[in-house]
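Student: fold the following for me, if possible:
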Amino acid sequence: MDIENLIEVVVNKVTFNISESPVVVLLEKGGSRTLSIWIGSAEAASIAIALKGEKTSRPVAHDLFCQLAEALDARIIMVVVNNLSDNVFYARIILAQGENKILSLDSRPSDAIAIALRSGARIYVTREVMDKSGLNKIDPQ
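Tutor: Numbering: from 1, shown residues only. Modelled structure (predicted):
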């Protein structure tokens, strides 16, 4: 994955669209474009919990993933929203295991984002995806 083709983003907010479906809004770091991705309710709740810095009494699946990675001597380096096909976004979770093994796992963007927020990993969108689906931010929040 060519790092120069990646745009770093931050999670701007989790909101709901007109039909009450949850949407995660990513904001281009140092830029003005946003990328909105429709997600499931459970993933929206997980992202919102991580954004608020809250802890659950029992680990949710995203916490478990981070614990498993750590137990396997792997660290989450970054997540990348890397493709858009037939109105479906795709992502990769990039991990380093041990000294010199890099792993790239297919993921739904919502899961990748929830994991990145818990692990402190950076979130990226490929330039192609942002150019195709990003919008200039008009919301002053």
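Student: host element of the residue nearest the centre of the chain?
Tutor: A centroid search over the chain (Cα atoms, centre = their mean) returns Ile113, at 2.3 Å, as the residue closest to the centre. When elements are defined using DSSP states H and E, Ile113 is found to belong to helix 109-119.
Student: how far does that helix sit from the chain's center?
Tutor: 5 Å (Cα atoms, centre = their mean, to the nearest Å).
Student: not counting its neighbours along the chain, what's nearest Leu27?
Tutor: Nearest non-adjacent residue to Leu27, counting by Cβ to Cβ, 6 or more residues apart in numbering: Asn12, 4.0 Å away. The C-beta positions use only the backbone N, C-alpha and C, and glycine is treated the same way.
Student: wait, that neighbour sits on Leu35?
Tutor: No: with contacts defined as Cβ atoms under 8 Å, Asn12 does not count as touching Leu35, sitting 9.4 Å away.
Student: ok, residues contacting the lowest-mean-pLDDT helix or strand in the chain?
Tutor: Sorting the helices and strands of the chain by mean pLDDT, DSSP states H and E puts strand 135-136 at the bottom, at a mean of 82. Under the contact criterion Cβ atoms under 8 Å, 6 or more residues apart in numbering, strand 135-136 has outside partners Ser32, Arg33, Thr34, Leu35, Ser36.
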